[in-house]
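Trainee: any chance you can model this:
(one chain, ligands or ions: 1)
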Amino acid sequence: RPETTPPKDGDPVTFTLNGETLVAEPGETILQAAQRYGTEIPYLCYHDNLRADGNCRSCVVEVEGERVLAPSCCRAPKEGMNVHSDSERARKSQRMVLELLLADQGPAEYTKHSELTYWAEKLGVAESRFPAEKSAESDSSNPAISVNLDACIQCTRCVRACREEQENDVIGYAFRGNEAEIVFDLGDPMGESTCVSCGECVQVCPTGALMPQSAVGEDESEKDVESVCPYCGVGCLLTYH
Ligand code: FES
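Mentor: Model (predicted):
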């Protein structure tokens, strides 16, 4: 959960990131300020259009004077703060998180390139040392969207997109611990749920757990999602790029 919600009506905040001086706008987190300055910090559960959830911890950074690493996607910078996203300790933790998520993704390869594999390659994580345990059946009941829960890292982007962007609230998060997974309505196959196939969840999924039926095994960075506009009921066809 967000540790600090940056106030939107405050003053700009000056802090350093990896030795560079940054000025964060009111309301900006460390990650958002870093992105505006062109400094890459890995992130997976964070998405520009969604409320930060802070659940994956791939974006952790080291803040001088603090014992615990901070998730940069939901941490407000403070005046004079010195932050490091590329220190040995921060990088070690980021890599460890990516390894765990790669293991969580299981043995199946649903996409050649996803956000998860992008960050893994970027940080030199060739493969995970941890055994993959999941083995979920894919769900092809929706004619437009393929569900491959093996690839799900439970970042909950899709849950938030369905609820916050579309106000459909079809996708939820069920069960606990090792059994936790996303579900549609009350655990229905996606094609039998109240999903309107708007494609919003596919757009935000960072792993290929939700993807167009036509793109399974393809390059996710080039995926197009064909869907029907859910807003007025006329049924116009849409293609998301
Ligand atoms: Fe910050 Fe997931 S991107 S915790």
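
Trainee: which SSE is the residue nearest in space to the middle of the chain in?
Mentor: Closest to where the C-alpha atoms of the chain average out (C-alpha atoms, centre = their mean) is C45, at 2.7 Å. Under DSSP states H and E, no helix or strand contains C45.

Trainee: helix or strand right after the lengthiest helix in the chain?
Mentor: The longest helix of the chain (DSSP state H) is helix 88-104. Once the chain leaves helix 88-104, the next helix or strand it forms, by DSSP H and E, is helix 115-122.

Trainee: quick one: buried residues of that following helix?
Mentor: For helix 115-122, the neighbour count (16 or more other C-beta atoms under 10 Å) marks 115-117, 119-120 as buried. Where you see a C-beta, it was placed from the backbone N, CA and C, and this is true even at glycine.

Trainee: still on that earlier bit, mind listing what the residue nearest to the centre of the chain touches?
Mentor: Going by C-beta atoms under 8 Å, 6 or more residues apart in numbering, C45 touches 52-56, 58, 73, 155-157.

Trainee: against C152, how distant is it?
Mentor: In this view, C45 and C152 are 12 Å apart by C-beta to C-beta, to the nearest Å.

Trainee: before we move on, what about E192?
Mentor: Distance of E192 to C152, given as C-beta to C-beta: 19 Å.

Trainee: how about C201, secondary structure?
Mentor: Of the three states, C201 takes helix under DSSP: H, G, I helix; E, B strand; the rest coil.

Trainee: excluding chain neighbours, give the residue nearest to it in space.
Mentor: C158 (3.7 Å; C-beta to C-beta, 6 or more residues apart in numbering).

Trainee: tell me which parts of the protein are close to the ligand?
Mentor: Along the chain, the residues adjacent to the ligand under the rule C-beta under 6 Å from any ligand atom are 43-46, 54-59, 71, 73.

Trainee: just grab the bridge partners of V83 for me.
Mentor: L17, V63 (DSSP bridges).

Trainee: low-confidence stretches in this structure?
Mentor: Low-confidence regions of the chain, defined by pLDDT under 70, span residues 1-5, 7, 106-112, 133-134, 216-241.
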